[in-house]
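>>> Return a 3D structure for these sequence lines:
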Amino acid sequence: MFRNPKALITSLETVLQPQSHLCIQRFPVSGTAKGKGKDKTAPALKRSVIPKKKPSGGGGGGGGRNVATELAKSLEEACLNAPTPLRYLSQKDRWREAEREKLGLISKERQRELDSANGKTAGPPADEPFPMGTPGFDYISLGLVDADKIPKYDLTVEDGRRLAKEYSRVLMRKHRARQAAESTLLRLKKEAIEALPEKLKAAALVPDFTPFPANRFMATLTPPIEGYLDKVKEAAKRSVMKAKLR
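Numbering: from 1, shown residues only. Below is the predicted model:
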């Protein structure tokens, strides 16, 4: 304890005196993004900018890149804005579309729906032969099939119904024949396993999940036609040369 009260008061005054000298700014602070002003005397810093290469208009490479870029953009827009086969419209939107049709205003999507409903975009005209295969590489374009020799049929509705019933009968006959063949194979498999000795029968009952070899060709009922692939390649080359000459 302090015996002298004056000494106690003096020590308390020294401890509790305001330390305002610690808050005085003694050094200049550079301008920051926290609201402080920038130093006008400091030189302005310049940002390093990488110059962009301008495509040359006269060179062939620049034009090729522009064509490729435009083609990629058009392909991207065609994929993003591809028409849907069936549009979803609410009751209010359908009512608005019906009111626009009364005024003679038809949107492209509605016109496309009307054309598909009327059968305008169903396929090629009746007088033209239907392409059998990839367009441009079908049998008619490659010259393997003569379009004039293709038989033409004038079918009525009754003929179509009769052919549909006959086609259904043929499919049912094939299905039943397949079921009978599978049943026969299973029966023969069971008989073959029963005819094995006990040691081999236990091994035969274990299922084999070994994948089919990838280098094996698909089984065919008839042997491949000799030179058929060469004929198709030659016909494709002739078609490409005719297209270039046009």
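>>> how close does residue 171 sit to residue 193?
33 Å (Cβ to Cβ, to the nearest Å). From N, CA and C alone the C-beta is placed, and that goes for glycine too.
>>> same question, residue 165
Separation of residue 165 from residue 193 (Cβ to Cβ): 43 Å.
>>> Select the longest helix from this structure.
helix 157-194 (DSSP state H).
>>> could you point out which element follows it?
Heading C-terminal from helix 157-194, the first helix or strand you meet, by DSSP states H and E, is helix 198-204.
>>> right, and the helix or strand after that following helix?
Downstream of helix 198-204 (by DSSP H and E), the next one is helix 228-245.
>>> What lies in contact with that next one?
Contacting residues not belonging to helix 228-245 are listed as 136, 137, 141, 142, 143, 144 [Cβ atoms under 8 Å, 6 or more residues apart in numbering].
>>> can you check stretch 189-200 too?
Here stretch 189-200 makes contact (Cβ under 8 Å, 6+ apart) with 201, 204, 205.
>>> if you set the cut-off to 10 Å instead, what comes out?
201, 202, 203, 204, 205 (Cβ atoms under 10 Å, 6 or more residues apart in numbering).
>>> Counting neighbours, which of the residues you listed comes out on top?
residue 204 (14 neighbours; other Cβ atoms under 10 Å).
>>> Tell me who's in contact with it.
189, 192, 193, 194, 196.
>>> Going through these, which ones are buried?
By neighbour count, with 16 or more other Cβ atoms under 10 Å, the contacts of residue 204 hold no buried member.
>>> now residue 146: how far from residue 173?
33 Å.
>>> now swap in residue 117 and tell me
From residue 117 to residue 173 the distance is 36 Å (Cβ to Cβ).
>>> Kindly report the same for residue 143.
Distance, residue 143 to residue 173, by Cβ to Cβ: 37 Å.
>>> Likewise for residue 205?
In terms of Cβ to Cβ, residue 205 sits 34 Å off from residue 173.
>>> What count of nearby residues applies to residue 141?
Residue neighbour count, defined by other Cβ under 10 Å, stands at 20 for residue 141.
>>> where does it land on pLDDT?
What the model reports as pLDDT for residue 141 is 76.
>>> Count the residues that sit near the closest residue to it other than its chain neighbours.
Leaving aside its sequence neighbours, residue 141 sits nearest to residue 239 (Cβ to Cβ, 6 or more residues apart in numbering; 5.9 Å). Residue 239 has 16 neighbouring residues, counting by other Cβ under 10 Å.
>>> any low-confidence regions in this structure?
1-65, 82-86, 119-136 (pLDDT under 70).
>>> mind redoing it with 50?
For the chain, the stretches with pLDDT under 50 are 35, 57-60, 121.
>>> that older thread, between which two of the contacts of residue 204 is the distance greatest?
The widest separation within these, taken as Cβ to Cβ, falls between 189 and 196 and amounts to 11.3 Å.
>>> From residue 164, how far off is residue 152?
Shown here: residue 152 relative to residue 164, a distance of 20 Å by Cβ to Cβ.
>>> who has more neighbours, those two?
Counted by other Cβ under 10 Å, residue 152 and residue 164 do not tie: residue 164 has more neighbours, with 10 against 7.
>>> Next, residue 153: secondary structure please.
Following DSSP: H, G, I helix; E, B strand; the rest coil, the label given to residue 153 is coil.
>>> So what's the residue count around it?
5.
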